[in-house]
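# sequence first, then the predicted structure:
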Amino acid sequence: MTVVQKYGGTSVGSVERLRNVAHRVATRATDGERLAVVVSAMGKTTDDLLSLAREVNPRPPRRETDLLMATGEMVSSALLTMALVEMGCPAVALTGAQAGMFTDDSFGRARIRGIDTWRVEEEFSEGHVVVVAGFQGQSPQGDYATLGRGGSDTSAVALGAALRATQVEIYTDVEGIYTTDPRIEPNARCLRDIASEEMLEAAQQGAGVMHPRAVELGLLYDIPILVASSQAEFGSGRGTLIHREVQMEPENRVRTIALDRDVASVTLRHVPDRPGIAAQLFGPLADAGISVDTIVQNASELNLTDLTFTVSKDDCDQTEELSRPLASELGAADVLFKHDLVKVSLIGTGMQSGPGYAATMFRSLSEAGINIELITTSEIRITCLVQSERGEEAVRVLHSAFHLDEEI
């Protein structure tokens, strides 16, 4: 049986914590499983390296930035391997490239194109625990390329898929997936399990425990993912299992509430309502690598319409640079940007096929005096944009309204 574990930056953030992780891994390795361990950089190493790069050059080249950033995970993997060997556990450290992770050349946000597992399999055959530097791979030109935010999670699940692992285990500084962020709502519960589709929506809507790309890979390759605390005892049964849900219909309910602060809205006012407008606008944004979310077009009046969409705050400046001349070409009257918004999302399988969810959400927010700026839905999600200063209050109001503090 093959298992892939991943330990985050907090879990390996000091020598003491590294040794604790090594003890967990060494104990698990005695069970006869083939064990691969993916690690993040220690603590705030990634942020420190990026700050160092910007001290030297305010706009450092992306290729060299990735070369620098990749060293953080290499340090973690080497140190953890040293600790394992000192404990008598045979282990070997590999970079992402040595582990066979091949990416494209989109430095800073590379995507994994394939994994050649021969080296990992060879180390398994020699009885080694394989410790892999996460967050990185090798570009077609042989350069280091990093996967961007959440890259170590993505590395772990991708490696699990390539190795046909029984399970991928993500160990972090929280107990699992909660009904909402417990820092916002103290009565939030840790879920025993959650459907892959629900977790993907939650990750896309701001739940920061796992990156959407990692969840998407788990769903695509049908790999169960356990999210648990690195402090919990192995075999304790704690944590949240992310897996396909077989019987969706009986489980119609709200499972979790996500809050996404990384959002800015863009509105093109009085755009001529004719075919091809959306393609003319969103094509250049896609070419620039800007991910667009929550697209809403108002009903046409006098052949004019308002078109609103949201982007990450990190992409806002570039979106403005591109959209203003595009708006002029399209004949829009104006372009409006809002940065003081957050997205609040209810998520649950089959939620829209059950009555009353939207009504309860809107009524609860209205009674709390929280104005809704924009609404979007999917089969398992209802999202509202509200003013940022009311976002956390909105989460608490909805958590209470849907009784998420109660076991089902």
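Sure thing, it's come through. Residues are numbered from 1 along each chain as shown.
# low pLDDT regions in the stretch 201-350 of the chain?
Counting by pLDDT under 70, the stretch 201-350 of the chain has low-confidence residues at 232-237, 245-252, 300, 350.
# strands of that one, residue ranges please.
The residue ranges that make up the strands of the stretch 201-350 of the chain, judged by DSSP state E, counting those that start in this stretch, are 225-229, 240-243, 256-260, 264-272, 293-297, 304-311, 334-338, 341-347.
# what's the third one packed up against?
For strand 256-260, the elements it packs on are helix 196-204, strand 341-347, helix 391-401, judged by 3 or more CB pairs under 8 Å, 6 or more residues apart in numbering; DSSP states H and E. The way it works is simple: take the backbone N, C-alpha and C, and place the C-beta from them, glycine included.
# the fifth one now?
Applying 3+ CB pairs under 8 Å, 6+ apart, one finds that strand 293-297 contacts strand 304-311, strand 374-378.
# now the helix or strand just after the shortest one against strand 334-338, angle please.
Just to be clear, that refers to strand 374-378. Toward the C-terminal end, the helix or strand that comes next after strand 374-378 (DSSP states H and E) is strand 381-387. Strand 381-387 and strand 334-338 are oriented at 90 degrees to each other (axes from the mean of the first three to the mean of the last three CA atoms, to 10 degrees).
# quick one on the thing from earlier: nearest to residue 379, out of the strands of the stretch 201-350 of the chain?
With CB to CB as the measure, strand 341-347 is the member of those nearest residue 379 (10.6 Å).
# quick check: angle from that closest one to helix 196-204?
Using the same axes, to 10 degrees: strand 341-347 against helix 196-204 is 170 degrees.
# flag every buried residue along the helix or strand following strand 341-347.
Where DSSP H and E defines the elements, the next helix or strand beyond strand 341-347 is helix 357-367. Neighbour counts using 16 or more other CB atoms under 10 Å place 357, 360, 361, 364, 365 of helix 357-367 among the buried residues.
# need the residue in this structure that's farthest from the chain's center.
Ranking residues of the chain by C-alpha distance from their mean position (CA atoms, centre = their mean) puts residue 302 at the top, at 41.7 Å.
# hmm, residue 222 and residue 161 touching each other?
No - in this structure residue 161 lies outside contact range of residue 222 using CB atoms under 8 Å: 9.1 Å.
# more crowded one of those two?
Neighbour count, other CB atoms under 10 Å: between residue 161 and residue 222, residue 161 has more, with 19 against 10.
# give me the nearest residue to the more buried one, chain neighbours excluded.
Closest residue to residue 161 apart from its sequence neighbours, by CB to CB, 6 or more residues apart in numbering: residue 221 at 4.0 Å.
# if I look at the one you found, how far off is residue 23?
Per CB to CB, to the nearest Å, residue 221 is found 30 Å from residue 23.
# again, but for residue 122
Using CB to CB, residue 122 is found at 26 Å from residue 23.
# swap in residue 103?
Plainly put, residue 103 is 32 Å away from residue 23 if you go by CB to CB.
# likewise for residue 308?
From residue 308 to residue 23 the distance is 52 Å (CB to CB).
# helix, strand, or coil at the closest residue to residue 143 other than its chain neighbours?
Excluding the flanking residues, the one nearest residue 143 by CB to CB, 6+ apart is residue 63, at 5.9 Å. What DSSP: H, G, I helix; E, B strand; the rest coil gives for residue 63 is helix.
# mind checking how far residue 63 is from residue 16?
Distance from residue 63 to residue 16, by CB to CB: 35 Å.
# okay, these two: which has more neighbours?
Neighbours per residue (other CB under 10 Å) separate residue 63 from residue 16, with residue 63 holding more: 16 against 8.
# residue 107 is in contact with the more buried one, correct?
Yes - here residue 63 lies in contact with residue 107, judged by CB under 8 Å, at a distance of 5.3 Å.
# which neighbours do those two share?
Shared contacts of residue 63 and residue 107 (CB atoms under 8 Å, 6 or more residues apart in numbering): residue 143.
# wait, what's in contact with residue 2?
Residue 2 sits in contact with 33, 34, 35, 36, 124, 160, 163, 164, 165, 166, where contact means CB under 8 Å, 6+ apart.
# which of those residues fall in strands?
Judged by DSSP state E, these include 34, 35, 36 as members of strands.
# can I get the residues you listed in a markdown table with neighbour count and pLDDT?
What follows is these, written out as a markdown table (neighbours: other CB atoms under 10 Å; pLDDT from 0 to 100):
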| residue | neighbour count | pLDDT |
| --- | --- | --- |
| 34 | 21 | 95 |
| 35 | 24 | 97 |
| 36 | 28 | 98 |
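# ranges for the helices of the stretch 1-150 of the chain?
For the stretch 1-150 of the chain, the helices defined by DSSP state H, counting those that start in this stretch cover 15-29, 45-56, 62-86, 118-125.
# rewinding a little: more neighbours: residue 308 and residue 23, which one.
Per other CB under 10 Å, whichever of residue 308 and residue 23 has more neighbours is residue 308, with 19 against 15.
# before we move on, back to that, would you list the strands of the stretch 201-350 of the chain in CSV and tack on distance to residue 287?
CSV is the format used below for the strands of the stretch 201-350 of the chain (distance: least, CB to CB, whole Å):
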stretch, distance to residue 287
strand 225-229, 33
strand 240-243, 33
strand 256-260, 24
strand 264-272, 17
strand 293-297, 17
strand 304-311, 14
strand 334-338, 19
strand 341-347, 25
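# and of the ones you listed, who's closest to residue 179?
Smallest distance to residue 179 across these (CB to CB): 5.4 Å, for strand 256-260.
# residues in contact with the closest one: which ones?
With contacts defined as CB under 8 Å, 6+ apart, strand 256-260 is touched by 177-181, 184, 191, 194, 198, 201-202, 205-207, 342-348, 391-392, 394-395, 398-399, 402, 404.
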